[in-house]
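A.B. asks: got a predicted structure here, sequence first:
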Amino acid sequence: MKDAILRKSVANHHVLGILICGGKNEKKRPFGESGYFRLLAEAGKPLGISIFVFNPKKMNWQRRIATGYIPSAEKDSWELVTKPIPNLIYDRCFYNSSNHYLTYRPYLSLLNQDPSIKILGRPLSGKIQTYSILRAHKEITSYLPETVPYQSTAQVFDFLDRYTHIVIKPNGGSHGVGVVAIFQLLKRKGFYIKGRDRKNHAFQTIVETKTQLRNWVQQHIGTTRFVIQPYLSLSTPDGQPFDLRILIQKNKEQEWETTGMAIRAGKTNSITSNLHGGGNAHRLLPFIKQHFTPEQVEKIHEDIKKLASVIPSFIEENHGTLLELGLDVGIDRNGRVWILEINSKPGRMIFLRTGEHETRKRSIQLPMQYAQSLLVN
């Protein structure tokens, strides 16, 4: 009996579990990131690692098994199987709302609290938590826009009095959904509002009074946690918003490595540059050389390298183990660099958009190489 348990444990050490949480695409496919997971499976073959994709709600904890998917030989097809819960797990759960997350929390707690199971990275919980960590680092504070959790509309008016232009965004949101800029009109009474609604549709409107703005903000925010920030002019002279995505990952030496960088540029006069909102991707240096002086380009590059080298290890020291980070950086019209967001579950589609296929290939290989380094130790 002991030998059987040992064999099961050793077998688990060659399997990387991948956590998924129910989404809208599950009826059309087994899961939303199935293409990425098949690439992970291919990258794992020469390393002797297979993958097992499962929903934590499909676990039988008493028997320590789960029902999930493994890649089948047929293209884009997956086989439904029941396997032992792996000892090493890559969390790719994405949540539509706080309530969605709460339905999964009991199952995630079982995995996180089990001493025989290692989760590759502890997810960041939101913009406020990340901001609170980073502002403790003296070299980073100058790159951080002021950020406060939304508690009342009084804060919105306080920020408008101080900055005239502000942004409100979901604390845990992504893809630009719900991000809104509010501009205090100076030549006439009222407020100009533009951004993206909860369905990620672009909109703009004007409200005439503070009461109307108060009602609009309360309706938009509802019960979701939001943050408030000053509005930064992060666009080209012709009004195209852009930011920089830096992908930083652990490698087989278990050290941080900057995998790649790419610019995301949104539609002209939009406030977000996210690819899901219709934006385009560009290679970093050709893009910034079009819009900044050589001296500014050099300084921007120095700042980016500094942030990429400092932030991952500092967050790990104050938060917990991580696998990879998507660092989103803004560059204002004066060439000043700002930290916009840090994502512990980044995508890597942007490198396909820029034609950097080797960079994307490496971005897929690194998680598997890091996983192998943990399995052999």
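C.D. replies: Noted; the coordinates are in hand.

A.B. asks: which strands or helices does whichever helix or strand Gln218 is part of pack on?
C.D. replies: Secondary structure assigned from DSSP states H and E places Gln218 in helix 210-221. Helix 210-221 makes packing contacts with helix 153-163, strand 165-170, strand 180-184, strand 191-196, strand 202-207 when contacts are defined by 3 or more CB pairs under 8 Å, 6 or more residues apart in numbering; DSSP states H and E. (Each C-beta comes from the backbone N, C-alpha and C, glycine too.)

A.B. asks: each with direction, which strands does the third one pair with?
C.D. replies: Meaning strand 180-184. strand 165-170 (antiparallel), strand 191-196 (antiparallel) (DSSP bridges).

A.B. asks: go on, the last one?
C.D. replies: Taking DSSP bridges as the criterion, strand 202-207 forms sheet pairs with strand 191-196 (antiparallel).

A.B. asks: for Val180, see how far away the closest residue to Asp197 other than its chain neighbours is.
C.D. replies: Nearest residue to Asp197, sequence neighbours excluded (CB to CB, 6 or more residues apart in numbering): Phe203, at 5.7 Å. Phe203 sits 9 Å away from Val180, going by CB to CB, to the nearest Å.

A.B. asks: can you list residues touching both of these two?
C.D. replies: Residues within reach of Phe203 and of Val180 at once, by CB atoms under 8 Å, 6 or more residues apart in numbering, are 194-196.

A.B. asks: what's the closest of those residues to Leu40?
C.D. replies: Arg196 (30.4 Å; CB to CB).

A.B. asks: checking the closest residue to that closest one other than its chain neighbours next. Helix, strand or coil?
C.D. replies: In this structure, Arg196 finds its nearest non-sequential neighbour in Gly176, 5.2 Å apart by CB to CB, 6+ apart. Assigned with DSSP: H, G, I helix; E, B strand; the rest coil, Gly176 falls in the coil class.

A.B. asks: ok, how many other residues are close to Gly176?
C.D. replies: 25 (other CB atoms under 10 Å).

A.B. asks: quick check, central residue of this protein?
C.D. replies: Asn343 (3.0 Å; CA atoms, centre = their mean).

A.B. asks: residue contacts, Arg92?
C.D. replies: 18-20, 33, 37, 345.

A.B. asks: and for Val297?
C.D. replies: Residues near Val297 by CB under 8 Å, 6+ apart: 285, 288-289.

A.B. asks: for those, which one is nearest Glu42?
C.D. replies: Leu285 (30.5 Å).

A.B. asks: phi and psi next, for that closest one.
C.D. replies: Per-residue torsions, Leu285: phi -60, psi -50 (degrees, to the nearest 10).

A.B. asks: neighbours of it, just the number please.
C.D. replies: 13.

A.B. asks: what pLDDT is listed against it?
C.D. replies: Looking at Leu285, its pLDDT stands at 94.

A.B. asks: mind jotting down where the strands sit in the stretch 251-377 of the chain?
C.D. replies: For the stretch 251-377 of the chain, strands defined by DSSP state E, counting those that start in this stretch occupy the ranges 256-265, 280-283, 324-331, 337-343.

A.B. asks: so how far is the shortest one from its chain's centroid?
C.D. replies: What it means is strand 280-283. Counting by CA atoms, centre = their mean, to the nearest Å, strand 280-283 is centred 18 Å from the centre of its parent chain.

A.B. asks: mind saving the C-alpha coords of that strand as PDB?
C.D. replies: C-alpha atoms of strand 280-283 as PDB (Å, rounded to 0.1, in the frame of the first residue of the first chain):
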ATOM      1  CA  ASN A 280      -2.900  47.600 -31.600                       C
ATOM      2  CA  ALA A 281       0.600  46.400 -30.600                       C
ATOM      3  CA  HIS A 282       4.000  47.900 -31.600                       C
ATOM      4  CA  ARG A 283       7.600  47.200 -30.800                       C
END
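
A.B. asks: ok, the host helix or strand of Gly17: who's next to it in the sheet?
C.D. replies: If you go by DSSP H and E, Gly17 is part of strand 15-19. With DSSP bridges as the test, strand 15-19 is paired with strand 50-60 (parallel), strand 88-91 (parallel).

A.B. asks: residues in contact with the longest one?
C.D. replies: In this case it means strand 50-60. Contacts of strand 50-60 (CB under 8 Å, 6+ apart): 14-22, 30-31, 34, 37, 40-41, 44, 65-71, 78, 81, 83, 85-86, 93, 103-104, 107-108, 110-111.

A.B. asks: which of these are buried?
C.D. replies: 14-22, 30-31, 34, 37, 40-41, 44, 66, 68-71, 78, 83, 85-86, 93, 104, 107-108, 111 (16 or more other CB atoms under 10 Å).

A.B. asks: with that, I have no additional questions.
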